[in-house]
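**Student:** show me the folded form of this:
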Amino acid sequence: MNYIVWNPSVEIFHIGGFSLLWYGVLFAIGLVAAGSYVYKQSLRAGLTERRFNVLVLLLFAGIFLGARLCHCVFYDPQYFFSHPLEIFLPITKNAAGNYYFCGYHGLASHGGGVGAIVAILIFKLMYRDEKLLPILDIVAIATPLLGGFIRIGNFFNSEILGTESSLPWAVIFSSVDDVPRHPVQIYEAIFYFLLFFVLAAAYRTFSQNSNEEKIINSLNDASIADVSGKNKEKITPVHCSVKPGFWFSMVMITIPIFRFFVEFCKMEQINYAANLPLNMGQLLSIPLFLCGLFLLIITQFFKGKNLH
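**Tutor:** Got it, this is the predicted structure:
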């Protein structure tokens, strides 16, 4: 069977000591695309541009630190604990023992998600009048968009490899070996892009319904207040909105579920977890799923004062 042979250069171009990498470009495109969505929706939700800029800086720092620390601690602790300088600096040693720039190799998406949540919590502490859950919703919807571009970058790097496969769309990463494998990076990218478009469309629809309901309620209140308008028919709104926190919860539930099952098609990325019943990606997905399910219950079904 003729499988897809994949062996692109990881560099777009190289000038002197500078290399422009596909992974870096795709990561940047994902950040801009996700950031644009968050910017547009945040302003609609009433966030000022100044506060949005603060939120973006916190998110960038939180996502990077979370993703980097998660990779270093859970995926390659033995190496990074013995080379602590390389945890935060994009350098490594060559055979001669000299440091050189290599870029950041190793960012774990689970840690990036946790870092984003911590960043938003810090933002909430800085601006206590801002509501927490609507911001979490907006950032959560944009997260799969970034994740999709990152996975395409992983595909260009021939990393996060799948297990051996005989399917017609199996890919041979010839820079690694001659084994046809599941293109799990593409599986994830397709899922993340689809998830973003579905969530964004649903969020827009439910937001419009919520605004229409508010307008109808205002008209009804005005009708009641108008003493001259006797026997005015009250307009009944269609209740099809969700409470804040729903979209964040759905992302926290759907992505870990998908990650748990797609990990069965992935090669184990760390040696010390080879004897465990589940790989590290699956183990990290379980607590995130449980947190998402818990948040869904308390934000959508908890009776009493709304959580902010």
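
**Student:** enumerate every residue touching the residue positioned nearest the centre of the chain.
**Tutor:** Residue closest to the mean C-alpha point of the chain, counted by Cα atoms, centre = their mean, is Thr143 at 3.1 Å. Counting by Cβ atoms under 8 Å, 6 or more residues apart in numbering, Thr143 makes contact with Ala34, Gly113, Ala116, Val251, Ile255. All C-beta atoms are positioned from the backbone trio N, CA, C, and that covers glycine.

**Student:** helices - which of the residues you listed land there?
**Tutor:** Ala34, Gly113, Ala116, Val251, Ile255 (DSSP state H).

**Student:** okay, the contacts of Thr143 in JSON lines with neighbour count next?
**Tutor:** Below are the contacts of Thr143 laid out as JSON lines (neighbours: other Cβ atoms under 10 Å):
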{"residue": "Ala34", "neighbour count": "23"}
{"residue": "Gly113", "neighbour count": "25"}
{"residue": "Ala116", "neighbour count": "23"}
{"residue": "Val251", "neighbour count": "24"}
{"residue": "Ile255", "neighbour count": "25"}
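
**Student:** can I get the residues you listed in CSV including distance to Ala170 and pLDDT?
**Tutor:** Shown next, in CSV, are those (distance: Cβ to Cβ, whole Å; pLDDT from 0 to 100):
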residue, distance to Ala170, pLDDT
Ala34, 30, 94
Gly113, 29, 85
Ala116, 34, 90
Val251, 30, 96
Ile255, 25, 96
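
**Student:** adding distance to Leu107, write these out as JSON lines.
**Tutor:** As requested, those are exported to JSON lines (distance: Cβ to Cβ, whole Å):
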{"residue": "Ala34", "distance to Leu107": "15"}
{"residue": "Gly113", "distance to Leu107": "12"}
{"residue": "Ala116", "distance to Leu107": "13"}
{"residue": "Val251", "distance to Leu107": "18"}
{"residue": "Ile255", "distance to Leu107": "16"}
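
**Student:** list just the nearest of the residues you listed to Glu49.
**Tutor:** Among those, Ala34 lies closest to Glu49 (Cβ to Cβ), at 17.5 Å.

**Student:** circling back to that earlier point, just how off-centre is the strand or helix carrying the residue nearest to the centre of the chain within its chain?
**Tutor:** Per DSSP states H and E: Thr143 is located in helix 132-156. Chain-centre distance of helix 132-156: 3 Å, with Cα atoms, centre = their mean, to the nearest Å.

**Student:** could I get the full set of strands for the stretch 101-250 of the chain?
**Tutor:** 171-173, 180-181 (DSSP state E, counting those that start in this stretch).

**Student:** mind checking those strands for the one nearest to Tyr23?
**Tutor:** Closest among these, once you apply Cβ to Cβ, is strand 171-173, at 14.7 Å.

**Student:** that'll do, ta.
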